[in-house]
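Novice: make a model of this:
(one chain, ligands or ions: 1)
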Amino acid sequence: MRDYEPYYTEDGSIGLYSFAEKDVFHSKYGALTEAWEKFILPSNISNIINTKESINILDVCYGIGYNTKALMSFVIDNNKNKILKKNIFQKLLVNINNIVSICNNNQKKNKRSLSLCNDTICDDNFLSFFNIDCLEINEELIKLSPLFKTIKTPGEIYSQIVPDIFNCFDTYYKIKNIFENLLSIFYPKNKKDIRDLLDLKFKNMHIEKEYKINNLVNYIILNRLYENFGKEYFSDNIKKIIKERYTSRFFSKSMIKYAKFNHFWGYNSSSEWNLSTFLHNIYYSLLSKRDKNIDFKAAERLFNMSFYVNDARKTILKLNKSYDCIFLDAFAYTKAPQLWSVEFISKLAELLQPAGLLLTYSNSAQVRNTLIEAGLHVGKIYNEKSNKFIGTVAAKDKSLIEFPLNNYEYGLCTTKAGIPYHDPNLAFSNKEILELREYEYRHSNLMSSSKYMKLRSMRSENDEEV
Ligand SMILES: C[S@@+](CC[C@H](N)C(=O)[O-])C[C@H]1O[C@@H](n2cnc3c(N)ncnc32)[C@H](O)[C@@H]1O
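Specialist: All right, here's what the predicted structure looks like:
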């Protein structure tokens with residue numbers, strides 16, 4: 001049985017709640033906001049895009065793919081002027097350019113851009129190609145990922161369901177809340193959990209859609225999933241889930257139509273035809289004017305995606321690329337210790353390029369110390385909007401760390417709070433990993449974090465007195 005439940009997070013993107021983990025998959029303040037602010041914006045992608053032929057990305061815990069989708073959106077939006085549809089004169093010009101480039105024997109660097117230029121206009125000759133490896137244990141989530149609706153603001157969600165008579169959101173919300181509280185007495189236990197945890201107030205009805213996913217992204221992911229799973233993609237289970245009464249509202253009708261179309265005609269045999277005819281009706285009707293000018297196939301060719309459905313601990317042993325950027329988005333370290341152990345993170349560190357970055361949302365001393373033990377330099381992810389540090393970044397090259405840990409934060413990592421998890425053969429159960437740390441913690445001579453904090457605050461008071 002499905003053990004997760006979708007809901008709208010506060011930026012209008014869809015988040016999931018896991019009954020098994022009693023935890024959210026995404027920040028309730030905004031699944032998409034989190035992807036942009038903790039993974040894409042602080043990454044090195046804006047510095048390296050279109051400077052090297054291929055860029056390798058590892059998305060550990062793909063889930064329903066926000067981090068990958070935000071990345072793809074960033075790439076498409078940054079290359080918009082290079083992947084435009086061309087008219088007949090521009091086609092001619094491109095062909096002449098191609099012949100000239102071939103004559104000049106302008107090799108390697110131009111080769112890929114030439115193949116893109118066959119169908120597109122290229123202002124600049126060079127485009128990076130993205131290899132994205134997505135690691136996820138739950139196949140169902142991967143398959144559903146492109147079918148979820150893209151972002152909606154609370155205003156848009158409620159404008160669909162608020163009757164005209166209650167045109168005022170506050171009145172509607174108050175009345176709805178009274179009814180829901182009364183009804184919640186009869187809710188089954190698990191529904192109560194999710195309501196308590198996700199009491200979405202939508203306090204700000206006028207949230208700006210600050211972050212978006214380009215509409216082409218879900219179509220590209222769906223095609224890649226068809227290449228990966230073939231006819232198995234649109235299984236009976238997936239069909240059943242998207243029809244369920246509560247969940248169906250979270251899925252995009254046009255994406256489902258497209259998935260059904262691919263399923264019926266077969267993505268590979270019909271791709272040329274469906275792109276030019278069917279897609280025209282389905283997705284071009286939904287695209288913004290600016291996106292309509294983008295050549296879908298050229299955008300699609302920017303991405304090579306592989307989906308690995310397995311325990312990430314097993315998958316990483318088989319990967320042989322080295323990555324420019326690694327997103328580590330596992331459940332909290334207390335819930336999923338197997339993906340926060342020194343051994344697992346050391347493997348990730350091995351897969352990181354010398355100029356690569358590993359990013360995670362966690363700020364904990366334990367996670368930071370684990371990254372240090374794995375041989376990485378560690379720093380913080382700074383968010384200008386909130387003026388807060390909202391995550392952790394790690395690198396092999398110290399100079400890539402913009403906001404290093406300060407002395408206090410380093411000190412905290414050396415207290416008992418920083419004792420990391422161990423998973424010697426990457427095969428322990430959660431329980432075994434937690435018990436091993438508990439044993440180490442009990443027998444450790446290190447200072448407790450509370451004592452450390454007390455001493456530090458006393459010291460700073462003394463300093464002030466002096
Ligand atoms: C916090 S969620 C990640 C959310 C995701 N980045 C997204 O955008 O939807 C954690 C994910 O880790 C997956 N997961 C849990 N244990 C795993 C394991 N051992 N290997 C790979 N994935 C795992 C869960 O199925 C879940 O989708």
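
Novice: separation between the closest residue to the ligand within the stretch 51-200 of the chain and residue 20?
Specialist: Per CB to the nearest ligand atom, the residue of the stretch 51-200 of the chain with the smallest distance to the ligand is residue 63, at 2.5 Å. In short, each C-beta sits where N, CA and C put it, glycine included. According to CB to CB, to the nearest Å, residue 63 and residue 20 sit 14 Å apart.

Novice: the more surrounded of the two?
Specialist: residue 63 (25 against 9; other CB atoms under 10 Å).

Novice: residues in this structure within reach of the ligand, list them.
Specialist: Applying CB under 6 Å from any ligand atom, we find that the chain lies next to the ligand at 25, 61-67, 135-138, 141, 311-312, 329-331, 336, 338-339.

Novice: where do the strands sit along this structure?
Specialist: Applying DSSP state E to the chain gives strands spanning 4-8, 14-18, 23-24, 54-60, 129-136, 303-309, 323-328, 352-360, 377-383, 388-395.

Novice: pLDDT below threshold where in the protein?
Specialist: 1, 86-125, 152-177, 180, 183-209, 267-292, 461-466 (pLDDT under 70).

Novice: domain parsing for it?
Specialist: 4-83+129-153+207-307, 86-126, 330-465 (automatic domain parsing).

Novice: residues touching the residue most central in space within the chain, list them.
Specialist: For the chain, the residue nearest the mean C-alpha position is residue 67 (1.5 Å; CA atoms, centre = their mean). Residue 67 makes contact with 35, 39, 40, 59, 327, 329, according to CB atoms under 8 Å, 6 or more residues apart in numbering.

Novice: what does residue 13 give?
Specialist: 26, 30, 31, 32, 33, 66, 150, 151, 152.

Novice: list the residues that contact the third one.
Specialist: The contact partners of residue 31, taken as CB under 8 Å, 6+ apart, are 9, 11, 13, 14, 15, 25, 66.

Novice: who wins for neighbours among those residues?
Specialist: Busiest of these [other CB under 10 Å] is residue 66, holding 30 neighbours.

Novice: out of the strands of the chain, which comes closest to residue 406?
Specialist: strand 377-383 (9.0 Å; CB to CB).

Novice: buried sites along that closest one?
Specialist: For strand 377-383, a neighbour-count test (16 or more other CB atoms under 10 Å) marks 377, 378, 379, 380, 381 as buried.

Novice: take it, keep the C-alpha atoms, and write them as CSV.
Specialist: The C-alpha trace of strand 377-383 is given here as CSV (Å, rounded to 0.1, in the frame of the first residue of the first chain):
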residue,chain,number,x,y,z
HIS,A,377,36.2,20.8,3.5
VAL,A,378,32.9,22.0,5.0
GLY,A,379,31.0,25.2,4.8
LYS,A,380,27.5,26.7,5.2
ILE,A,381,24.9,27.6,2.6
TYR,A,382,23.9,31.2,3.1
ASN,A,383,20.4,32.4,2.2
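
Novice: for the closest residue to residue 42 other than its chain neighbours, give its distance to residue 362.
Specialist: Leaving aside its chain neighbours, residue 42 sits nearest to residue 381 (4.5 Å; criterion: CB to CB, 6 or more residues apart in numbering). Relative to residue 362, residue 381 is positioned 10 Å away (CB to CB).

Novice: which neighbours do the two share?
Specialist: With CB under 8 Å, 6+ apart as the test, residue 381 and residue 362 both reach 391, 392.

Novice: and residue 74, how far is that from residue 348?
Specialist: Applying CB to CB to residue 74 and residue 348 gives a distance of 22 Å.

Novice: which one of the two is surrounded by more residues?
Specialist: residue 348 (23 against 20).

Novice: got a list of what whichever residue of the stretch 351-466 of the chain sits closest to the ligand touches?
Specialist: For the stretch 351-466 of the chain, the residue closest to the ligand is residue 361, as judged by CB to the nearest ligand atom, at 8.5 Å. By CB under 8 Å, 6+ apart, residue 361 lies in contact with 27, 34, 38, 39, 329, 390, 391, 392.

Novice: and the residue nearest to the fifth one when sequence neighbours are not counted, how many neighbours?
Specialist: Spatial nearest neighbour of residue 329, excluding adjacent residues (CB to CB, 6+ apart): residue 61 at 4.5 Å. For residue 61, the tally of surrounding residues (other CB under 10 Å) stands at 20.

Novice: where do the helices of the stretch 201-350 of the chain begin and end?
Specialist: For the stretch 201-350 of the chain, applying DSSP state H, counting those that start in this stretch gives helices covering 216-229, 236-243, 253-265, 267-273, 279-282, 289-292, 296-300, 312-318, 342-351.

Novice: off-centre distance for the second one?
Specialist: Helix 236-243 has its average C-alpha position 23 Å from the chain's average C-alpha position, going by CA atoms, centre = their mean, to the nearest Å.

Novice: rewinding a little: out of the contacts of residue 67, who has the most neighbours?
Specialist: residue 327 (29 neighbours).

Novice: look up which residues are beta-bridged to it.
Specialist: Bridge pairing for residue 327 (DSSP bridges) gives the partners residue 59, residue 359.

Novice: you'd agree it is up against residue 352?
Specialist: No: contact criterion CB atoms under 8 Å: residue 327 and residue 352 do not qualify, at 11.9 Å.

Novice: before we move on, back to that, out of the strands of the chain, deepest packed?
Specialist: Comparing those by mean neighbour count (mean count of other CB atoms under 10 Å), strand 323-328 comes out on top with a mean of 26.
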